[in-house]
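Q: Predicted coordinates and the sequence they were generated for:
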Amino acid sequence: LVESGTVIGPLRTEERQRLGISVPFDVVAVASHDTASAAAAIPYLDAAPSAFISLGTWSLVGRELAGPDLSDASRAYNFTNECGAGGTIVHHKIQAGLWLMQELRRELARHDAGFGFKALEQAAEAAEPLAFVFDADDDVFRDPPSMAEAIVGWLKSRGQAVPASSGALARAIYESLALSYRDTVEQMERLGGVALDTIYVVGGGAAIPLLLQAIADSTGRRVVAGPVEATVAGNVIAQLVARGVIPDFAAGRPLVRKSFELKEYRPSNIEAWNRAHARLANLKLFSSSSAAA
């Protein structure tokens, strides 16, 4: 095993020749899992305990810890301990993410090739808030033939009204994802015995204002968004550490703050989100009782 931020050695001459590279250079070990690289670039604004969401096709929701959490409760909540950069442990859970939106957009594009994510986001913004919520982590959404039909079917099977437009479907996805993150952040607080008042969102989801505000509203916590290319930034930090340009990974975080625009979102409309969270919890109980029967 090689620690992140280590120079492994020069690229072999024959390999450089094969690639057509004339200048010698070193191979550097970065955090080899993209989540660990993204976590290394989280631009913490202070030292207070906080959570992060690496939000792309899937969502990785967790914290950076000094050591692994090997408790029964952590296992029961389905968290994993991953070696991170700089000797940290990335304690996190893998959840649904923008895969649901990607599949919805792909389905819509079959009928309108020019229909893109921007148009879908605009339609979501125009839709009624908190009209439809569902369990985004339900297995039925992993690889359905039709994402739209899967969402409609989930709601209809529980006696719920169903979205009748692409904007309503998209908004339901964003808001349901935000509600799922609330549950995970609360689990982490119970595991660590700490208050997590800030959630840092990196990855592609850090560029979607409607989703970011939904996360702040659902969780009742400050959300700091950016950078989008966190994995790349963490990779660069590892190279700077390896070359001795900066002393350690902690010194890389101020560079990230200076290099990328960060946006903050504050919670609002908390009571409405609390009602939506309670409604979703009841729908999940319906699902569990149906499975038991």
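A: Okay, I see it.

Q: If we ignore the residues flanking it in sequence, what's nearest residue 272?
A: residue 130 (6.0 Å; Cβ to Cβ, 6 or more residues apart in numbering). Backbone N, C-alpha and C define where each C-beta goes, glycine included.

Q: how many other residues sit next to the one you found?
A: As a burial measure, residue 130 scores 19 neighbours (other Cβ atoms under 10 Å).

Q: Next one: it from residue 202, what distance?
A: Distance of residue 130 to residue 202, computed by Cβ to Cβ, to the nearest Å: 26 Å.

Q: Would you agree the residue nearest to residue 272 falls within a strand?
A: No: Residue 130: not assigned to a strand; according to DSSP: H, G, I helix; E, B strand; the rest coil it is coil.

Q: how far away is it from residue 216?
A: 14 Å.

Q: With residue 239 instead?
A: In terms of Cβ to Cβ, residue 239 sits 33 Å off from residue 216.

Q: Which one's more surrounded, those two?
A: More crowded of residue 239 and residue 216, by other Cβ under 10 Å: residue 216, with 24 against 19.

Q: Tell me the backbone dihedrals of the more buried one, please.
A: Residue 216 adopts backbone torsions of phi -60, psi -40, taken as degrees, to the nearest 10.

Q: you'd agree the residue nearest to residue 272 is up against residue 274?
A: No: if you go by Cβ atoms under 8 Å, residue 130 and residue 274 don't touch, sitting 10.7 Å apart.

Q: Determine the residues that are contacts of both of those two.
A: With contacts defined as Cβ atoms under 8 Å, 6 or more residues apart in numbering, no residue is adjacent to both residue 130 and residue 274.

Q: ok, and the closest non-adjacent residue to residue 235?
A: Nearest non-adjacent residue to residue 235, counting by Cβ to Cβ, 6+ apart: residue 30, 4.6 Å away.

Q: ok, that neighbour - contacts?
A: The neighbours of residue 30, taking Cβ under 8 Å, 6+ apart as the test, are 4, 5, 37, 85, 234, 235, 238, 239.

Q: if we go to 6 Å?
A: By Cβ atoms under 6 Å, 6 or more residues apart in numbering, the contact list for residue 30 reads 4, 37, 235, 238.

Q: what pLDDT does it get?
A: On pLDDT, residue 30 comes in at 93.

Q: what's the answer for residue 39, then?
A: Per-residue confidence (pLDDT) for residue 39: 96.

Q: now do residue 291
A: If you check residue 291, the pLDDT there is 50.

Q: now residue 288
A: For residue 288, the predicted pLDDT is 52.

Q: what do you get for residue 112?
A: Note for residue 112: predicted pLDDT of 79.

Q: how many neighbours does it have?
A: Using other Cβ under 10 Å: residue 112 sits among 10 other residues.

Q: Please tell me how far the residue most central in space within the chain sits from residue 154.
A: By Cα atoms, centre = their mean, the chain has its centre lying nearest to residue 55, at 2.4 Å. In this view, residue 55 and residue 154 are 22 Å apart by Cβ to Cβ.

Q: Equivalent analysis for residue 2, please.
A: Separation of residue 2 from residue 154 (Cβ to Cβ): 45 Å.

Q: Where do the strands of the stretch 151-293 of the chain begin and end?
A: 198-202, 222-225, 263-265 (DSSP state E, counting those that start in this stretch).

Q: so what's the residue nearest to the centre of the chain bridging to?
A: Beta bridges link residue 55 to residue 59, judged by DSSP bridges.

Q: these two touch, right, it and residue 207?
A: No: using Cβ atoms under 6 Å, residue 55 is not in contact with residue 207, being 9.6 Å away.

Q: Find me the pLDDT at the nearest residue to residue 187 once chain neighbours are set aside, would you?
A: Counting by Cβ to Cβ, 6+ apart, the nearest residue to residue 187 once its immediate chain neighbours are dropped is residue 77, at 4.8 Å. Residue 77 carries a pLDDT value of 97.
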